[in-house]
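Undergrad: Generate a structure from the sequence data that follows.
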Amino acid sequence: MRTKIISFIGEVKRKNLTQIELVNELGLHLDYFVTTGYESGLKLIGEKNYIHQLEKGSFNRFRQIYSFYKKNKNSINHVEIFGGGRFGFVYILLAKWFGLKVLLVERGGMNQYIKKENRYTITRFSSFVQYKLADICWYKEYYMKSHLERLGVKRLNFIPNGLGHTNIEFKPRIETRDIDFLWVNRVIPERHIDWIIELAQKKEFQSSTFKLYGFLDDSYAETKKEEIESLELPNIKVHSYSDNVVEVYRRAKYFLLPADYVFGNNSLLEAMASGVVPIITDVHGSGHLIENQINGLISENCFGDYEKIMKITLGMSDENWSQISNTAMLTVTTNYSLKNFKENLRLLYQKINDL
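TA: Okay, here's the model as predicted:
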């Protein structure tokens, strides 16, 4: 009996728990190969699953995966590869060598693949190989479909992110919330942190509180962190990334996500489930999630319109905020629930078994 699912991932996080739970319900278990977070991953995966630290160096990693596939090929149900990794083409080539089925999980690698400046990079080459050789694909964002179809990726399955194992306690009351504007996402160029920095400096927002989570130890985030700190603004505080900020969600009024890609953002769904009113940009399917002034606020993907929408919050009544907050909660708990996500994933795994 084939009982193993092999997954290559940067780090196992809380958002992976739903998938782990379903896999175990199906009588299978996950073998994760991670680049970081080995110790923290051990605390999450449970007794039925395994975690392996990927070795450093291309040759050592090749040898490690080759040996693992060779030893376990008769017990591997399929291999899951997250698109976009520089070494992913090796994982998939070795999987095909041993006759293993491959699920490509497209969770954001397409963002980098379609950029012209990445045309001749090893990452783009690696992604191309993965797209062409995968047996089946799970994609999470509406915008990805047209690109995947043009590449000829086989057996496309759209499964958006769900709430997963977020321990949400509904507290929509505005008077209990002391954070006006909350950011909970990795700081990358595609998310317009510059807009937030500029808005925090404006006279209209000087009495508003901004809390920003997501500053990792990379050059872009470090630059933006230094820029904010040099301004010495009393109304804006920066923090490193946190995988669990449920308590912070409960204290926030508005969730900020001006970005080029929005729809399936995990933090956005979690924030909405806790009654935080989202302020997002209308890009690549955002309108499927947010209806302006109904369950959130949505602007065009330009600073001027985002500023205009942000200023609406300054005059919004508590009653109006509460109505939007409650509708935001209802949107995600109804359409992006743990139950729906697991059922869609169950159907996907059945398709893999039928290949």
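
Undergrad: quick one: contacts for the closest residue to residue 147 other than its chain neighbours?
TA: Closest residue to residue 147 apart from its sequence neighbours, by CB to CB, 6 or more residues apart in numbering: residue 110 at 5.6 Å. Using the backbone N, CA and C atoms, a C-beta is placed for each residue, glycine as well. Contacts for residue 110 (CB atoms under 8 Å, 6 or more residues apart in numbering) come out as 83, 84, 127, 141, 143, 144, 147, 148.

Undergrad: Run a quick check on the second one versus residue 112, I expect a contact.
TA: Right, residue 84. Yes: judged on CB atoms under 8 Å, residue 84 makes contact with residue 112 at a distance of 6.0 Å.

Undergrad: So which of those two has more stuff around it?
TA: residue 84 (20 against 16; other CB atoms under 10 Å).

Undergrad: so what's the nearest residue to the more buried one once chain neighbours are set aside scoring on pLDDT?
TA: Spatial nearest neighbour of residue 84, excluding adjacent residues (CB to CB, 6+ apart): residue 109 at 2.3 Å. Note on residue 109: pLDDT of 80.

Undergrad: any weak-confidence spans in this structure?
TA: Low-confidence segments of the chain, defined by pLDDT under 70: 164-172, 243-244.

Undergrad: rewinding a little: which of the contacts of residue 110 tops the neighbour count?
TA: Ranking the contacts of residue 110 using other CB under 10 Å puts residue 144 first, with 28 neighbours.

Undergrad: Provide a list of residues in contact with that residue.
TA: 106, 110.

Undergrad: From residue 267, how far out is it?
TA: To residue 267, residue 144 is 19 Å away according to CB to CB, to the nearest Å.

Undergrad: Also residue 301?
TA: Distance of residue 301 to residue 267, given as CB to CB: 19 Å.

Undergrad: who has more neighbours, these two?
TA: Neighbours per residue, other CB under 10 Å: of residue 301 and residue 267, the larger number sits with residue 267, 23 against 17.

Undergrad: how about that one, what does it touch?
TA: Per CB under 8 Å, 6+ apart, neighbours of residue 267: 184, 185, 245, 255, 257.

Undergrad: so of those, which ones are in strands?
TA: Among the contacts of residue 267, the ones falling in strands (DSSP state E) are 184, 255, 257.

Undergrad: thought the last one was touching residue 185?
TA: Yes: in this structure, residue 257 is within contact of residue 185 by CB under 8 Å, at 6.6 Å.

Undergrad: Now for residue 289, how many residues are close by?
TA: Residue 289: 25 neighbours (other CB under 10 Å).

Undergrad: Distance of the closest residue to it other than its chain neighbours relative to residue 177?
TA: Among residues not flanking residue 289 along the chain, residue 263 sits closest, at 5.8 Å (CB to CB, 6+ apart). For residue 263, the distance to residue 177 (CB to CB) stands at 25 Å.

Undergrad: give me the number of residues near residue 354?
TA: Neighbour tally, residue 354, other CB under 10 Å: 7.

Undergrad: now swap in residue 177 and tell me
TA: By the criterion of other CB under 10 Å, residue 177 has 20 neighbours.

Undergrad: Residue 27 too?
TA: Neighbour count for residue 27, taken as other CB under 10 Å: 9.

Undergrad: what does the one 5 residues further on give?
TA: Applying the criterion other CB under 10 Å, we find 25 residues in the vicinity of residue 32.

Undergrad: Ok, residue 19 next?
TA: 19.

Undergrad: my guess is it contacts residue 345, does it?
TA: Yes: using CB under 8 Å, residue 19 is in contact with residue 345, at 6.5 Å.

Undergrad: got the domain boundaries for the chain?
TA: Listed domain ranges for the chain are 4-162+338-354, 174-335 (source: automatic domain parsing).

Undergrad: what ranges do the helices span in the chain?
TA: For the chain, the helices defined by DSSP state H occupy 17-25, 38-42, 58-72, 88-97, 109-113, 122-133, 144-151, 193-201, 219-231, 246-249, 266-273, 303-314, 318-335, 338-354.

Undergrad: got those as JSON lines, with distance to residue 287 columns?
TA: Shown next, in JSON lines, are those (distance: least, CB to CB, whole Å):
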{"stretch": "helix 17-25", "distance to residue 287": "26"}
{"stretch": "helix 38-42", "distance to residue 287": "36"}
{"stretch": "helix 58-72", "distance to residue 287": "41"}
{"stretch": "helix 88-97", "distance to residue 287": "32"}
{"stretch": "helix 109-113", "distance to residue 287": "19"}
{"stretch": "helix 122-133", "distance to residue 287": "27"}
{"stretch": "helix 144-151", "distance to residue 287": "16"}
{"stretch": "helix 193-201", "distance to residue 287": "20"}
{"stretch": "helix 219-231", "distance to residue 287": "28"}
{"stretch": "helix 246-249", "distance to residue 287": "23"}
{"stretch": "helix 266-273", "distance to residue 287": "14"}
{"stretch": "helix 303-314", "distance to residue 287": "14"}
{"stretch": "helix 318-335", "distance to residue 287": "12"}
{"stretch": "helix 338-354", "distance to residue 287": "20"}
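
Undergrad: which of those helices is buried the deepest?
TA: helix 266-273 (a mean of 25; mean count of other CB atoms under 10 Å).

Undergrad: Dump the C-alpha coordinates for it into CSV.
TA: The C-alpha trace of helix 266-273 is given here as CSV (Å, rounded to 0.1, in the frame of the first residue of the first chain):
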residue,chain,number,x,y,z
ASN,A,266,-4.2,33.6,4.2
SER,A,267,-3.9,36.6,6.6
LEU,A,268,-6.7,38.4,4.8
LEU,A,269,-9.1,35.5,5.4
GLU,A,270,-8.0,35.1,9.0
ALA,A,271,-8.5,38.8,9.6
MET,A,272,-11.9,38.9,8.1
ALA,A,273,-12.9,35.9,10.1
